[in-house]
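Chemist: sequence? don't have it. structure:
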């Protein structure tokens, strides 16, 4: 059997961002720019534009597959797109969403899904859920799987929530989010997505977290921002959410639009007041 050594890394090859490196960015007050990506071409464009983190979101069920929710997405779908994104990426941290039904049944199911995601090219996995998910997060982290949590609006719970509604609007609801955040960070979550909460709640969660908090409709005080790439380019059908901005408007290329998104996140001009709740 012939053995082939890996080639020495090129001096021109960019250094891959890691989970600790992204945490250091947040600790130093440097904003983190995240976008969803589903294929090699967009992954490469995002990296040239300076995107720090690529998320293979289960949003692919809506923007690629044409469903009304993320619920029909299977783990096999996420793994396929994760392999595509990894093939087009050299620098960004890659996070894979675990879709509905791939981790809720217990820690063994969650571990199998996470292992498959990391083998497909992801460096971190994202799970939706509050304090109830903490034992699963602890189990995964102790076995070498970096976990990003997701609180606030959780699209996989759309049927329970009765729609895509702002979360944390009352004092009691905001306190639940704080408790969820505390439980998940104690369990070892290394990053948190906070979706669709009032600006002051997003700011309070970010101050309390001790880990990077990436907002989507959670205000500019978060450690960074994420959008679905189709939304950021004005390509989604239907009425855009309040927290969305079309960065392609007035620009002559997708790459320049992505660069504008990164610049706006980094300098704090996005999200602006009109994008907040």
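Modeler: Thanks, I have the structure now. What you see is a predicted model, and the numbers here were worked out from it, not measured in a lab.

Chemist: now the strands: where do they sit in the stretch 51-200 of the chain?
Modeler: For the stretch 51-200 of the chain, applying DSSP state E, counting those that start in this stretch gives strands covering 53-56, 93-97, 124-128, 147-152, 191-195.

Chemist: where does residue 48 fall, secondary structure wise?
Modeler: For residue 48, the element it lies in under DSSP states H and E is helix 40-49.

Chemist: now do that helix against strand 93-97, angle only.
Modeler: 140 degrees (axes from the mean of the first three to the mean of the last three CA atoms, to 10 degrees).

Chemist: what about the residue lying closest to residue 210 once chain neighbours are set aside, how many neighbours?
Modeler: Take residue 210 and drop its neighbours on the chain: the residue closest to it by CB to CB, 6 or more residues apart in numbering is residue 185, 6.2 Å away. For glycine as for every other residue, the C-beta is placed from the backbone atoms N, C-alpha and C. Applying the criterion other CB atoms under 10 Å, we find 19 residues in the vicinity of residue 185.

Chemist: OK, contacts around residue 185?
Modeler: 192, 209, 210, 211 (CB atoms under 8 Å, 6 or more residues apart in numbering).

Chemist: before we move on, the earlier item: what's the most buried one of the strands of the stretch 51-200 of the chain?
Modeler: strand 53-56 (a mean of 30; mean count of other CB atoms under 10 Å).

Chemist: pairing partners for that strand, with directions?
Modeler: strand 32-36 (parallel), strand 93-97 (parallel) (DSSP bridges).

Chemist: rewinding a little: out of the contacts of residue 185, which sit inside helices?
Modeler: Among the contacts of residue 185, DSSP state H puts residue 209 in helices.

Chemist: which one of the contacts of residue 185 is nearest residue 142?
Modeler: Within the set of the contacts of residue 185, residue 211 lies nearest residue 142; the separation is 16.8 Å, counting by CB to CB.

Chemist: where does the prediction get shaky in the chain?
Modeler: Regions of the chain meeting the criterion pLDDT under 70 cover residues 1-13.

Chemist: show me where this protein has its helices.
Modeler: Using DSSP H, helices in the chain cover 19-27, 40-49, 60-63, 75-87, 107-119, 134-141, 158-161, 171-187, 199-209, 229-232, 254-267.

Chemist: other SSEs contacting the fourth one?
Modeler: Translated: helix 75-87. Secondary-structure packing of helix 75-87 (3 or more CB pairs under 8 Å, 6 or more residues apart in numbering; DSSP states H and E): helix 40-49, strand 53-56, helix 60-63, strand 93-97, helix 107-119.

Chemist: thanks again, I'm all set now.
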